[in-house]
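A.B. asks: Sequence and predicted structure, then a few things I'm wondering about:
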Amino acid sequence: MRYRCSGEVHRDFHASVLDGVNYLIDNFGEEAAKKVLRRTATEVYRTMHEGLQCGDKTELLEWWRYYLDREGGKYRLEETSEGAILTVEDCPTQTHLRKRGILDGKRTCWATKVLNDALCEGSPYEIVLEETGDHSCRQILRKRC
């Protein structure tokens with residue numbers, strides 16, 4: 001997998017991403033933040049995006065597993081004939097932000113949805129993100145209708 005990093009930088013990455021998203025939205029609007037997230041999905045995560053465009057979900061699922069395992073996330077990932085269902089019972093991002101005293105981290109959920117939409121752009125897939133609680137969600141990778 002191309003997007004594998006190690007060390008402890010990643011946990012602080014969540015707060016930095018939230019700060020960046022908040023800065024962009026507060027100073028330039030949601031469209032500017034969407035543009036940055038879209039470019040991240042299609043350029044930084046290029047091979048994952050290209051795989052999804054070709055109908056290959058392998059790298060996305062590996063990425064989900066790798067980071068959730070690495071951060072001690074409580075989750076289930078079920079592959080289906082249409083795609084996959086990721087059920088996050090305790091989001092490591094939200095848990096980490098709360099431990100750092102950052103109580104309004106929901107823009108990370110918004111950013112995840114925008115990133116997911118861009119990852120799936122031009123592909124046979126879509127990812128539907130359903131918030132199921134303060135620190136839980138379900139992300140459903142499925143074929144577009």
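C.D. replies: Yes, it's here.
A.B. asks: Any chance you could list what contacts stretch 16-34?
C.D. replies: The contact list for stretch 16-34 (CB atoms under 8 Å, 6 or more residues apart in numbering) reads 36, 37, 97, 102, 105, 107, 108, 110, 111, 114. All C-beta atoms are positioned from the backbone trio N, CA, C, and that covers glycine.
A.B. asks: can I get those in JSON lines with secondary structure, pLDDT and neighbour count?
C.D. replies: Output for those, formatted as JSON lines (DSSP: H, G, I helix; E, B strand; the rest coil; pLDDT from 0 to 100; neighbours: other CB atoms under 10 Å):
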{"residue": "36", "secondary structure": "helix", "pLDDT": "97", "neighbour count": "16"}
{"residue": "37", "secondary structure": "helix", "pLDDT": "97", "neighbour count": "24"}
{"residue": "97", "secondary structure": "helix", "pLDDT": "89", "neighbour count": "21"}
{"residue": "102", "secondary structure": "coil", "pLDDT": "86", "neighbour count": "15"}
{"residue": "105", "secondary structure": "coil", "pLDDT": "84", "neighbour count": "22"}
{"residue": "107", "secondary structure": "helix", "pLDDT": "92", "neighbour count": "15"}
{"residue": "108", "secondary structure": "helix", "pLDDT": "92", "neighbour count": "19"}
{"residue": "110", "secondary structure": "helix", "pLDDT": "95", "neighbour count": "16"}
{"residue": "111", "secondary structure": "helix", "pLDDT": "96", "neighbour count": "23"}
{"residue": "114", "secondary structure": "helix", "pLDDT": "98", "neighbour count": "21"}
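A.B. asks: Please enumerate the strands of this structure.
C.D. replies: 74-79, 84-90, 125-133, 136-143 (DSSP state E).
A.B. asks: what's the closest of those strands to residue 13?
C.D. replies: Nearest to residue 13, of all the strands of the chain, is strand 84-90, at 17.3 Å by CB to CB.
A.B. asks: The closest one: partners in the sheet, and parallel or antiparallel?
C.D. replies: Note on strand 84-90: by DSSP bridges, its sheet partners are strand 74-79 (antiparallel), strand 136-143 (antiparallel).
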